[in-house]
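Asks: Fold the following and give me the result.
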Amino acid sequence: MKRALLVALIACLLTFMLVGNLFAAQVIKIGAILPLSGSAAATGIKLKYAIEVAQQIINEQFPNSDLPLAKTSGLPNLGGAKVEFVFADHQANPEIAKSEAERLIQNEKVVALIGCYHSSATKPASQEAERFGIPFIAGSSSSAALTERGLKWFFRIAPNDDMESEFFFKYMKYLNETFNAGIKRIAVVYIDNEYGVHAAEMAAKWAKEYAKDGFEIVAQVKYPAAVSNVDTEVQRIKAARPDALFHASYIADTTLLVKKYKELNVLPKVSLSYCGGYQDPQFVINLGKDAEYFAGPNAITSALFAKIPSAKFINDLYFPKSKVDIDGPTIEDFASAMVIADAINQAKSTDPAAIQKVLKEVSFSAPYFVLGKIKFNASGQNELSASVITQVQNGKYESVWPIEASTAKAIPAFAPWNQR
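Replies: Just a heads-up that it's a prediction; the model follows:
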């Protein structure tokens, strides 16, 4: 009897060691679809750097870090298996995003996908993941429509544009009540794609909710994705005499708009930007003092590193690659890489259904975010997604609201362009 028990125990141990060794020798591939060329290439390359940092943290050992998977080398529940993010370039083209998703799944044999920054690219790429039955985590794609499709395999880290729109109105109400800012008239300026159109719809929705507080949208100004001249659009904005501007724009068009605002002396009291161009550190680099006073939500800013040391740890690895500090959308794509690896590890398997189950049920540690956790609701939206309103002050993204997370006091009006 004892001999039989001993033989059984040895057999189990050998099986465990064999499985562990198999996983240790295995490289688990995850697809990452980004805009690595085209108009948003500079942003896409920064996202790639952030995902590479995530891969480094997962595969190497950082014993003093409190990030999930940092203390071990590889995925501990899979025998130390390494993770490899396989990158694909969607070139800001939704059709290419779709075909690259299929290629990664069929040819590269990835077990999950992350991406794509542009909501218009995320939409078809995630449909392919749904068709093949593998998880897809969007880091920074913000169109609320993405989580309104009833998909079973789609998850999103960032706040969506519905949540951001409500955040904007709460912030403007705070400015009015605290500083008597007199903000009432709003112009919504947006790119003509999935991201921009849906953001404008959400702004209109929340304007109705906050009409009792005196807010109204006085102009909705749409511009083409390949815009090179915004004279007509900015003239329309100026004619509407807005107190506030809402932007759904990427870095190139945001820069173009601000330069034209200065030329035509468009001077709002507040400007708020959905996840996109404003959050990119290149915004301040491109515009210098003309970037002052612009504002928008951010998952992180260097001003918060003292309060969130895990974000500083990530930035210490990221900065040597990018030469700029990590920003909100970039850390959200970093989070998508960390969470999918964490889910695979907790599932103890690369089986898509097992990974999906973990994503649906588990609350993930994210000490680099304000709330410190990520939890997906039934639609796949991170219900703990949280940002702060940041404002460019003296060339730095300061956190100005909510007050408990502030690093500086909000400035409730723009100084004249010639007085900066």
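Asks: any chance you could map the strands in this structure?
Replies: For the chain, strands defined by DSSP state E occupy the ranges 27-34, 82-89, 113-115, 136-138, 154-156, 185-191, 216-223, 244-248, 270-273, 295-298, 364-365, 373-374, 388-393, 396-401.
Asks: Take those strands and lay them out in JSON lines including mean neighbour count.
Replies: Using the backbone N, CA and C atoms, a C-beta is placed for each residue, glycine as well. Converted to JSON lines, the strands of the chain look like this (neighbours: other CB atoms under 10 Å):
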{"stretch": "strand 27-34", "mean neighbour count": "24"}
{"stretch": "strand 82-89", "mean neighbour count": "19"}
{"stretch": "strand 113-115", "mean neighbour count": "31"}
{"stretch": "strand 136-138", "mean neighbour count": "30"}
{"stretch": "strand 154-156", "mean neighbour count": "27"}
{"stretch": "strand 185-191", "mean neighbour count": "25"}
{"stretch": "strand 216-223", "mean neighbour count": "17"}
{"stretch": "strand 244-248", "mean neighbour count": "27"}
{"stretch": "strand 270-273", "mean neighbour count": "26"}
{"stretch": "strand 295-298", "mean neighbour count": "26"}
{"stretch": "strand 364-365", "mean neighbour count": "20"}
{"stretch": "strand 373-374", "mean neighbour count": "20"}
{"stretch": "strand 388-393", "mean neighbour count": "24"}
{"stretch": "strand 396-401", "mean neighbour count": "23"}
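Asks: Among those, which comes closest to Gln381?
Replies: Of all those, strand 154-156 sits nearest to Gln381, with 5.5 Å by CB to CB.
Asks: all helices for this structure, in order.
Replies: All helices of the chain, identified by DSSP state H, fall at 2-25, 41-59, 94-106, 119-132, 161-179, 194-209, 231-240, 251-264, 282-287, 309-322, 328-347, 352-361.
Asks: per-residue confidence averaged over the third one?
Replies: Helix 94-106 shows an average pLDDT of 98 in the prediction.
Asks: Mind listing what's buried along that helix?
Replies: Residues of helix 94-106 classed as buried: 94, 96-101, 103-105 (neighbour count, 16 or more other CB atoms under 10 Å).
Asks: Return the distance of the residue nearest the centre of the chain relative to Ile355.
Replies: Residue closest to the average C-alpha location in the chain (CA atoms, centre = their mean): Ser140, at 2.3 Å. Ser140 sits 21 Å away from Ile355, going by CB to CB, to the nearest Å.
Asks: got it, and Gly133?
Replies: Distance, Gly133 to Ile355, using CB to CB: 11 Å.
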